[in-house]
Each structure stands twice: as C-alpha cells, then as structure tokens.
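Q: Curious how this folds, go ahead:
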Amino acid sequence: MEQRMENIPLTFLLGFFVTIVVDRWRNIFANIGFVDSVAFYISNYVNGTDEETRIVKRNMVRYLCLTQVLILRDISIKVRKRFPNLDAVVDAGFMQQHEKDSFDKIENDYAKYWIPLNWTFALANECRLQDKIKGDVLLNGLFNEIRMFYGNLQTLRNYDWVPIPLAYPQVVFVVVRLYFVLCVVTRQYIINEDADNLTNIDLWLPFMTQLQFIFYMGWLKVAEALLNPLGEDDDDFECNFIIDRNITIALAVVDQMPADIPEQRRDNFDPQTIPLYSEKAANVPDKPYIGSAAKQGVEDEKKRVKMVPRKSTLENGGGGTRNGSVTTSNIGRRIKESFNTRKRFWTMQKPESGNAKNNDGLRPPVWYDNKRYSSSTCEATNATETNANNRNFEINVESFEHRRQSRDSI
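A: The predicted structure is shown next:
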C-alpha cells in the first residue's frame with residue numbers, strides 16, 4: 001500500500017494551487033493603487049499659482065483617492081468597517097456634502113465608481129481649455145496616467161468578482177489531510193525477527209514522514225494565508241494605511257509651488273570625489289560588479305596587437321559561392337521538380353482502373369498549351385520530360401563534383 005501512495009499526485013496538486021494563490025496575491029498588491037505618479041503629473045502639468053488652480057489640483061487628486069475608497073470598501077472588510085456608508089466618507093473628508101448630493105442624483109443599478117473619475121477628467125479638460133495645461137500632448141499624458149490608475153483598481157475588482165473556484169481549494173485541503181491520515185497506516189514499521197531488512201536500530205518513529213508533514217502542511221498553510229489578501233488577518237494588506245498614505249502624499253505633492261523649490265547651487269561632486277561612508281560601513285569589504293570576461297584571455301593588456309583582415313570563407317575551405325548555379329538549394333529544387341513531373345503523370349490516371357489507356361472515353365480530354373492530347377501522348381510527353389530532367393540533374397551533379405575537386409586541389 002505504501003507503493004500505491006505514490007500514485008497520488010500530491011506535489012503537483014499542491015504546487016499548482018500555491019502557484020495560483022501566490023500569483024493572485026502578488027498581482028493584487030501590484031494593482032492596489034498608488035497615486036504618486038498621477039499626483040506628479042497633475043502638479044507639473046497643471047500650471048498656475050492662484051488659489052483657484054490650487055483648489056482644482058487638490059480636488060483632482062482627492063477624486064482619485066475617493067475612487068479608490070469606493071472600490072476598496074466593496075472588496076475589503078477592513079475598509080468597509082471604516083466606511084460603512086457614504087456619510088462616513090463625507091465625514092472623513094474624501095467627499096463633500098454637495099458632491100454626495102450630486103453622486104446620489106445619478107440613478108444607476110451598478111456601482112458608481114466611475115463618477116469621481118469622470119469629475120477628474122472633466123477638470124483636466126477644463127484646465128486645457130483655460131490654457132493651464134500647455135498642449136494636447138500633456139493632456140493626453142495626464143489622461144493616460146489617470147486611466148492606468150483606474151485600470152489597476154479595476155484589476156482588484158475583477159479579482160474579487162471572480163475568485164478561485166471553491167471546488168479547487170476544497171479538493172486540495174481534503175487531499176493533503178487525507179494523505180497524511182493514510183500515512184499513519186502505511187508508514188508503520190512492522191518487521192519480524194526473521195525479516196531480511198531487520199536492523200539493530202528500532203525505527204519506530206517515521207522521521208521522514210514527519211518532515212513531509214511539516215513541508216506539505218506548511219506549504220498548504222501559506223496558501224491559506226494568502227488566499228484572501230484583502231481580509232482581516234494579520235498577514236493581509238493594510239488597505240486603510242494605503243488610503244491614508246495616498247491622500248496625504250497626493251495633497252502634499254500638488255500643493256508644492258515653484259517657489260518652494262530650493263535655490264539651485266552647484267553640487268559637491270566632481271570626477272575626483274571619493275565616495276564617503278560611515279565609520280562602520282567603511283570597514284566592510286566592497287565587492288564591485290565587473291564583467292565575467294573582463295580579466296580573462298589577455299596576458300598583457302598593454303601589449304599592442306597586430307590587426308589583420310579576416311580570411312574569406314573560400315580561402316578557409318568553406319562551402320560554395322552564393323551566386324553559383326550549382327548550389328545545394330538549386331540541387332534540391334531540381335530534385336523537387338523531377339518528383340513533381342512524375343506526380344503529374346500519375347494524377348492523369350483514373351483511380352478506378354489505375355491505367356489511363358483504358359479510360360480515354362470515360363474522362364475528359366487533356367488540354368495542354370491549347371492543344372488536345374490523348375493519354376498515350378501525355379504519357380510519352382511526361383516520360384520525355386522526366387528523362388530530360390534526370391539527364392540535367394546528372395549533368396549538374398557531375399559539374400558540381402568537378403568544381404569541388406578543382407577547388408580542393410587548389
């Protein structure tokens with residue numbers, strides 16, 4: 001029974017499941033939505049230092065963070081508990097009361113995540129009309145960044161809408177536990193005194209089975225912990241922290257004015273500057289990255305090397321010329337033409353009899369170059385063409401051999 005336990009594809013089943021779970025976990029975090037890039041675009045593409053422009057830029061990034069809040073509160077339990085309704089979102093400052101009234105006026109049976117995003121696009125377009133964005137190219141670049149930010153949030157929503165089929169995790173969880181239940185019976189040591197494999201050490205403890213249990217069950221527990229990264233476990237993503245970080249950094253970025261840039265002075269670096277380290281780090285040996293062949297194959301790098309032209313392929317005893325009439329490609333083409341000629345002759349025969357002479361009245365006449373031919377004439381013509389092609393092929397082969405021998409002798 002122990003040998004039959006190997007028929008259970010436990011490693012494949014568990015490995016495939018863990019791969020799917022880890023990929024989902026990594027993709028969810030990669031698309032969690034960080035607003036830094038969009039905030040940089042808004043801060044530098046929307047020009048103006050007046051209070052109106054400053055409010056517009058702040059509202060643009062706030063609407064992006066509001067979109068993230070609306071999506072995460074529908075897919076994350078932690079965010080849902082923080083914002084149980086839209087009034088909580090208003091109290092937190094992500095939405096104002098008049099914006100909530102406009103939000104509620106839009107009747108829609110589906111989620112209205114797109115409304116704050118549409119406000120952002122409208123504000124960007126208005127800034128372009130007021131010439132606060134200098135050029136359509138800059139406006140298009142800003143639109144692309146906003147679209148990418150919303151695309152990442154859509155990916156999160158899609159992962160939540162279409163989870164891993166429930167049957168697959170259940171099968172994996174049951175199979176792994178059932179496997180070790182069977183190991184309790186199949187891995188027992190029952191050896192009599194007359195057995196050939198009797199040893200002085202009584203191996204009553206299945207040490208390898210214990211290691212296998214630790215590895216497989218630990219592997220399974222990792223998959224269980226990563227299965228829903230937007231939950232409430234300690235190892236799940238801190239979505240509330242990401243929301244707070246985004247709104248804080250985004251507002252700080254767009255509030256940065258050109259006057260806030262430090263005075264431009266020359267830096268302290270020059271080509272002869274020696275990099276400085278702390279006293280502790282300076283004593284750590286450095287291992288620079290160099291090419292694997294940088295110090296190989298050259299005895300004296302300062303020695304001058306004589307450079308000469310490379311010999312051609314013919315001088316080194318290589319193959320024939322490209323432009324010659326007798327080449328490997330030409331020989332192959334002539335062989336193919338020879339077989340095609342024979343094939344044309346055999347296709348003229350009728351399948352029922354296998355002989356073209358006995359079926360001249362049963363099949364339509366053969367026409368070739370606007371002339372009517374009988375089966376006997378076609379047979380003779382094809383035979384003549386075949387013989388001619390064979391003779392040409394033999395002549396070309398002899399010519400090729402003669403040229404090769406002449407070149408070898410030279």
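Q: Residues touching the helix or strand where residue 219 lies, excluding its own?
A: Taking DSSP states H and E as the criterion, residue 219 maps to helix 207-226. Helix 207-226 is contacted from outside by 10, 14, 17-18, 21-22, 24-25, 172-173, 176, 179-180, 183, 187, 233, 235, using C-beta atoms under 8 Å, 6 or more residues apart in numbering. Using the backbone N, CA and C atoms, a C-beta is placed for each residue, glycine as well.
Q: now with 10 Å?
A: Identification of contacts with helix 207-226 by C-beta atoms under 10 Å, 6 or more residues apart in numbering yields 10-11, 14-15, 17-26, 28, 169, 172-173, 175-177, 179-180, 183-184, 186-188, 206, 231, 233-236.
Q: Which among those residues count as buried?
A: Neighbour counting by 16 or more other C-beta atoms under 10 Å classes 10, 14, 17-18, 21, 24-25, 28, 169, 172, 175-176, 179, 183, 187, 206, 236 among these as buried.
Q: In helices, which of those residues fall?
A: Per DSSP state H, helices hold the following members of those: 10, 14, 17-18, 21, 24-25, 28, 169, 172, 175-176, 179, 183.
Q: quick one: which of those is nearest residue 105?
A: Distance to residue 105 across those (C-beta to C-beta) is lowest for residue 28, with 33.1 Å.
Q: Compile the ones in helices among the buried ones among the contacts of helix 207-226 into a markdown table and extend it with columns for pLDDT and distance to residue 311.
A: Listed next are those as a markdown table, based on pLDDT from 0 to 100; distance: C-beta to C-beta, whole Å:
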| residue | pLDDT | distance to residue 311 |
| --- | --- | --- |
| 10 | 79 | 61 |
| 14 | 86 | 60 |
| 17 | 90 | 60 |
| 18 | 90 | 57 |
| 21 | 92 | 60 |
| 24 | 93 | 59 |
| 25 | 94 | 59 |
| 28 | 94 | 60 |
| 169 | 87 | 66 |
| 172 | 88 | 64 |
| 175 | 86 | 66 |
| 176 | 87 | 66 |
| 179 | 84 | 66 |
| 183 | 79 | 69 |
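Q: ok, which pair from those is furthest apart?
A: Every pair in those was compared (C-beta to C-beta); the two farthest apart turn out to be 28 and 183, at 34.8 Å.
Q: pLDDT below threshold where in the stretch 201-350 of the chain?
A: 201-204, 258-259, 297-299, 313-332, 334, 336, 338-350 (pLDDT under 70).
Q: Helices along that one, start to end?
A: Ranges of helices in the stretch 201-350 of the chain, per DSSP state H, counting those that start in this stretch, are 207-226, 239-254, 279-282, 328-347.
Q: Out of the ones you listed, which is closest to residue 91?
A: Closest of the helices of the stretch 201-350 of the chain to residue 91 is helix 239-254, at 14.2 Å (criterion: C-beta to C-beta).
Q: name the helices or strands packed onto that closest one?
A: Here helix 239-254 is seen to pack against helix 36-45, helix 51-75, helix 77-82 when contacts are counted using 3 or more C-beta pairs under 10 Å, 6 or more residues apart in numbering; DSSP states H and E.
Q: Present the ones you listed as CSV; the columns should include mean neighbour count, mean pLDDT and distance to residue 145.
A: Formatted as CSV, those follow (neighbours: other C-beta atoms under 10 Å; pLDDT from 0 to 100; distance: least, C-beta to C-beta, whole Å):
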stretch, mean neighbour count, mean pLDDT, distance to residue 145
helix 36-45, 19, 93, 5
helix 51-75, 21, 95, 10
helix 77-82, 16, 94, 24
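Q: Compare the ones you listed and give me the one nearest residue 255.
A: Closest among those, using C-beta to C-beta: helix 51-75, at 6.9 Å.
Q: Among the helices and strands packed on helix 239-254, which comes closest to residue 163?
A: When those are compared by C-beta to C-beta, helix 51-75 sits nearest residue 163, at 10.7 Å.
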